[in-house]
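Asks: predicted coordinates and the sequence they were generated for:
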Amino acid sequence: MKCITRRQTPPHGTVSNCILVMKCLLTALQCVHFHLTSTLQAIYHLKCYSYCIFQYLHSFHLGEPKKYDPTFKGPIYNRGCTDIVCCILFIICILGYVAVGILAWSQGDPRKVIYPTDSRGQFCGQAGTPLETKPLLFYFNIMKCASPMVLLEFQCPTTQMCVEKCPDKFMTLLKAYTNKEDFKYYKNFCKEGLEGLTVTQILSSGLCPAMLTPSKPFTRRCFPALGQKKGGEITVGNNSKFDDGEGNIRDAKDLVAGVKNATVVIEARQVAMKIFEDYTQSWYWILIGLVIAMLISLLFIVLLRFLAGIMVWVMIVMVILVIGYGIFHCSMEYVSLKSEAGSNVTLKDLGFQTDFSVYLHIRQTWLAFIIILAIVEVIIILLLIFLRNRILIAIALIKEASRAIGYVMSALFYPLFTFALLSIVIAYWAVTAVFLSTSNQPIYKVFNETACDHSRKICEPANFSTSSMKAECPDSKCLFAFYGGETVYHKYLIGLQFYNVFLFFWCANFVTALGQMTLAGAFASYYWALVKPDDMPAFPIFSSLGRSLRYHTGSLAFGSLILSIIQIIRVLLEYIDHKLQGTQNKCTKFLLCCLKCCFWCLEKFIKFINRNAYIMVAIYGKNFCTSAKDAFFLLMRNMIRVAVLDKVTDFLLFLGKLLIVGLVGIFAFFFFSGRVKAFENTAPNLHYYWVPILTVVVGSYLIAHGFFSVYAMCVDTLFLCFCEDLERNDGSLARPYYMSASLHDILSENKAVEETEEPTQSSPHQPDDQHVQLKQ
């Protein structure tokens with residue numbers, strides 16, 4: 001007994017829908033009654049339910065199928081411009097983006113990120129300035145950094161100046177003043193204008209520190225060279241006590257609080273600077289790794305063109321083996337740490353560490369890696385088992401895509417053009433962001449050890465010594481605090497940063513959309529060619545690229561604008577979530593989580609709609625909204641094929657990306673970590689060897705994604721053209737199919753698989769697969 005017989009075209013309207021639902025329910029009840037005797041048959045009746053739902057969805061108006069048109073021969077060449085308003089808006093925004101960049105470049109100063117700044121706002125060690133030979137920052141009294149004001153203003157309330165090298169001996173101004181050689185050494189850590197002044201005048205004017213302590217440079221700053229004896233006693237320069245220059249004998253431990261707070265100020269910068277230094281040491285090796293990833297991706301794509309079936313199976317086996325090796329390696333690391341002291345500390349107890357290599361000495365870290373990789377391995381194996389029939393069909397579809405790429409070989413190199421455009425977009429955004437963030441002016445504020453009405457008020461260092469603030473607070477100092485400004489430009493600086501981020505998303509999505517439409521137009525030319533390659537353009541990629549830029553810049557801008565708005569909303573939600581951490585209640589946290597999840601799903605859906613809309617624009621030359629509607633309805637009329645065929649192909653291509661990333665990642669790990677003796681002397685010395693490894697892995701995925709996107713776009717285009725071919729033609733002599741015989745066989749296999757797994761069904765727009773005529 002069949003649950004549902006041959007599908008009929010459902011009537012429209014609410015009453016008809018209700019009748020259809022009742023019929024489906026009655027049919028499903030019959031299925032339940034009939035299959036109640038067997039567990040397998042009980043599972044089968046669930047498919048009856050799902051098919052009823054599928055029929056109900058089809059009761060809604062999903063657009064009219066394409067009619068037969070004897071004049072239609074693929075991408076229309078006689079077309080007009082689409083979405084002109086969006087095109088004009090995009091051009092205006094690009095011109096505004098250029099203006100923002102010019103304004104930022106004229107106001108910004110990246111040196112503020114690189115060099116430490118003294119109390120006057122000058123850069124230590126900057127080339128071409130008087131401070132070029134003084135790269136280190138010296139604190140007059142590091143103990144004043146123990147003040148809570150450090151945490152409020154991120155600035156120590158003590159004079160800071162640039163020096164050539166840190167002091168390496170104990171010395172007080174009072175003692176050095178009486179010795180010519182000592183005073184000459186002491187002047188290296190004093191301001192100018194000491195001639196003729198007494199010790200009291202020098203100290204009261206704040207021209208010299210009261211004392212010097214042995215120090216060492218750390219992130220271009222001089223900090224006391226603290227040590228610890230066996231008994232736990234804190235020392236500085238091998239001494240546990242020192243003279244503070246004011247007649248007091250202090251313990252070395254008094255310096256600890258100041259050093260700790262001073263380090264809080266630069267802790268975030270410290271990690272950033274170490275990462276930056278790692279990039280400067282390893283950038284050429286990173287480029288080599290990315291070039292290797294590019295060559296492997298290109299080789300894989302070329303081999304896929306000629307050996308599609310073999311390469312897909314090799315890819316599947318290699319992915320399983322690479323992940324299996326990852327599990328084996330992590331297991332060996334986990335076992336080897338068993339006897340090491342401190343390796344059983346939990347990640348929760350360890351907390352956040354700026355030195356990420358610490359986590360690799362914890363057994364729990366490797367256990368987490370084992371669990372994650374094992375889960376991924378099991379999921380992939382289960383998917384391969386349950387989708388084995390559809391995978392065979394998907395491999396055949398990839399072979400058909402390889403045949404199409406054989407006629408459009410230039411498509412294999414188009415990702416290089418996309419990479420170049422994206423590199424320009426990313427570089428422009430990054431440079432503009434740096435210049436915008438460093439375009440503030442130096443702000444000076446009053447710092448005082450004791451209570452003062454003018455504390456933390458803005459001051460001018462040039463006339464501060466004669467100002468009323470100095471008179472009312474004699475021990476106060478006017479020191480550099482941060483970079484800011486009160487002009488109109490500085491007030492709207494955050495808006496310019498937002499504009500920079502938004503235009504980055506828009507331009508990046510536009511470049512991606514241009515690539516998708518260009519490839520879609522080229523592969524559609526292949527599909528709808530009556531005689532291949534005679535009926536195809538001489539240069540399909542260049543013809544499609546020209547049509548896209550000449551006629552459909554507005555449509556590309558429209559689709560990428562919608563996607564950019566959603567992405568910028570996601571960024572804002574992440575920013576709000578970051579700002580509200582620690583203060584948000586459970587309701588707020590739940591709401592933000594729901595919003596982030598919803599917009600993530602919406603972004604994926606819009607990307608899916610945009611991708612298919614660009615294919616329709618490339619073929620018919622209509623505007624974005626009309627093309628999106630036509631593509632969506634066409635896919636909905638072929639919902640089952642989308643789920644069981646197109647997405648399985650995407651899964652196989654994703655395995656290819658994983659394989660390339662895994663191979664390059666393993667090579668990068670052994671090279672940068674120094675695990676291979678052959679590269680031990682070649683690998684650069686790094687603070688964090690995971691920095692170049694992570695960069696190479698992410699870059700390899702993006703490169704592999706770019707090359708595999710050619711196949712993915714080819715498969716999507718062929719699939720959409722195939723669905724239209726089925727609706728336009730019926731396989732008769734008068735209306736033969738445009739699809740090749742091999743593609744027809746693939747979809748015939750797919751239909752056979754569907755019939756074995758779904759209740760008997762037939763589309764009103766699709767003829768039987770027997771006695772069809774194909775155009776070759």
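Replies: On my side now, so go ahead.
Asks: okay, now the domains of the protein?
Replies: With domains defined by automatic domain parsing, the chain comprises 14-58, 136-252, 445-475.
Asks: flag the shaky bits of the stretch 301-450 of the chain, pLDDT-wise.
Replies: For the stretch 301-450 of the chain, applying pLDDT under 70 flags the ranges 342, 347-357, 442, 449-450.
Asks: what ranges do the helices span in it?
Replies: Under the criterion DSSP state H, counting those that start in this stretch, the stretch 301-450 of the chain carries helices at the ranges 308-336, 347-350, 363-386, 388-407, 414-437.
Asks: most tightly surrounded among the ones you listed?
Replies: helix 388-407 (a mean of 20; mean count of other C-beta atoms under 10 Å). For every residue, glycine as well, the C-beta is placed using N, CA and C.
Asks: name the element the spatially most central residue of the chain belongs to?
Replies: Taking C-alpha atoms, centre = their mean, the centroid of the chain lies closest to residue 698, which sits 8.4 Å from it. For residue 698, the host element (DSSP states H and E) is helix 690-728.
Asks: for that helix, buried residues please.
Replies: 690-693, 695-697, 699-701, 703-728 (16 or more other C-beta atoms under 10 Å).
Asks: can you check stretch 492-499 too?
Replies: For stretch 492-499, a neighbour-count test (16+ other C-beta under 10 Å) marks 493, 496, 497, 499 as buried.
Asks: distance check, the third one against residue 108.
Replies: Residue 497 sits 12 Å away from residue 108 when distances are taken as C-beta to C-beta, to the nearest Å.
Asks: now do the shared contacts for these two.
Replies: Counting by C-beta atoms under 8 Å, 6 or more residues apart in numbering, the shared contacts of residue 497 and residue 108 are 436, 437.
Asks: which strands and helices sit next to the strand or helix carrying residue 92?
Replies: Assessed by DSSP H and E, residue 92 sits inside helix 84-107. On a contact count with 3 or more C-beta pairs under 8 Å, 6 or more residues apart in numbering; DSSP states H and E, helix 84-107 meets helix 414-437, helix 493-527, helix 553-579.
Asks: in the longest one, what counts as buried?
Replies: Right, the one you point to is helix 493-527. Of all the residues in helix 493-527, those buried under the rule 16+ other C-beta under 10 Å are 493, 496-497, 499-527.
Asks: got the angle for it vs helix 84-107?
Replies: 130 degrees (axes from the mean of the first three to the mean of the last three C-alpha atoms, to 10 degrees).
Asks: need the pLDDT of the closest residue to residue 207 other than its chain neighbours.
Replies: In space, residue 207 comes closest to residue 191 once its chain neighbours are excluded; the distance is 4.6 Å by C-beta to C-beta, 6 or more residues apart in numbering. For residue 191, the model assigns a pLDDT of 86.
Asks: what is the subsequent helix or strand relative to the helix or strand hosting residue 587?
Replies: Take DSSP H and E as the rule and residue 587 turns out to sit in helix 586-620. Sequence order places helix 624-636 as the next helix or strand after helix 586-620, per DSSP H and E.
Asks: quick revisit: could you look up the SS state of the residue nearest to residue 207?
Replies: Secondary structure, DSSP: H, G, I helix; E, B strand; the rest coil: residue 191 is coil.
Asks: tell me, how many residues neighbour it?
Replies: The number of residues packed near residue 191 is 16, by other C-beta atoms under 10 Å.
Asks: can you report phi and psi for it?
Replies: Phi and psi for residue 191, reported as degrees, to the nearest 10, are phi -80, psi 170.
Asks: contacts only, for it.
Replies: Here residue 191 is in contact with 159, 161, 206, 207, 208 (C-beta under 8 Å, 6+ apart).
Asks: highest neighbour count among the residues you listed?
Replies: residue 208 (24 neighbours).
Asks: skip the chain neighbours and tell me the closest residue to it.
Replies: Using C-beta to C-beta, 6+ apart, the closest residue to residue 208 is residue 190 (3.9 Å).
Asks: next one: phi and psi at that neighbour?
Replies: According to degrees, to the nearest 10, residue 190 has phi -120, psi 160.
Asks: report the beta-bridge partners for residue 479.
Replies: Legend: beta-bridge partners of residue 479 under DSSP bridges are residue 445.
Asks: my read: it touches residue 447, true?
Replies: Yes: shown here, residue 479 and residue 447 form a contact pair, counting by C-beta atoms under 8 Å, at 5.1 Å.
Asks: of these two, which one has the most company?
Replies: A direct count of neighbours by other C-beta under 10 Å for residue 479 and residue 447 places residue 447 higher, at 27 against 23.
Asks: isn't that one up against residue 476?
Replies: Yes: using C-beta under 8 Å, residue 447 is in contact with residue 476, at 6.7 Å.
Asks: can you work out which residues contact both of those two?
Replies: Residues touching both residue 447 and residue 476 (C-beta under 8 Å, 6+ apart): residue 455.
Asks: quick revisit: so which bits of the helix holding residue 587 are buried?
Replies: Buried residues in helix 586-620, counting neighbours by 16+ other C-beta under 10 Å, are found at 592, 596, 599, 606, 609-620.
Asks: show me what that helix packs onto, helices and strands only.
Replies: Against helix 586-620 (3+ C-beta pairs under 8 Å, 6+ apart) you get helix 493-527, helix 540-551, helix 553-579, helix 624-636, helix 690-728.
Asks: now those helices as CSV including mean pLDDT?
Replies: What follows is the helices and strands packed on helix 586-620, written out as CSV (pLDDT from 0 to 100):
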stretch, mean pLDDT
helix 493-527, 92
helix 540-551, 92
helix 553-579, 91
helix 624-636, 89
helix 690-728, 85
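Asks: got TSV for those, with distance to residue 121 too?
Replies: Below are the helices and strands packed on helix 586-620 laid out as TSV (distance: least, C-beta to C-beta, whole Å):
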stretch	distance to residue 121
helix 493-527	18
helix 540-551	48
helix 553-579	29
helix 624-636	51
helix 690-728	31
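Asks: of all the ones you listed, which lies closest to residue 385?
Replies: Closest to residue 385 of the helices and strands packed on helix 586-620 is helix 690-728 (C-beta to C-beta; 22.8 Å).
Asks: just want the angle from that closest one to helix 624-636.
Replies: Using the same axes, to 10 degrees: helix 690-728 against helix 624-636 is 80 degrees.
Asks: tilt between helix 690-728 and helix 414-437?
Replies: 130 degrees.
Asks: dump the residue contacts of the closest residue to residue 573 other than its chain neighbours.
Replies: Among residues not flanking residue 573 along the chain, residue 596 sits closest, at 5.2 Å (C-beta to C-beta, 6+ apart). By C-beta under 8 Å, 6+ apart, residue 596 lies in contact with 570, 573, 574, 577.
Asks: quick check: closest non-adjacent residue to residue 529.
Replies: The nearest residue in space to residue 529 (C-beta to C-beta, 6+ apart) is residue 535, at 3.9 Å.
Asks: what's the neighbour count on that neighbour?
Replies: Per other C-beta under 10 Å, the neighbour tally for residue 535 reads 13.
Asks: for it, helix, strand, or coil?
Replies: When classified by three-state DSSP, residue 535 comes out as coil.
Asks: separation between residue 307 and residue 178?
Replies: Applying C-beta to C-beta, the value for residue 307 to residue 178 is 87 Å.
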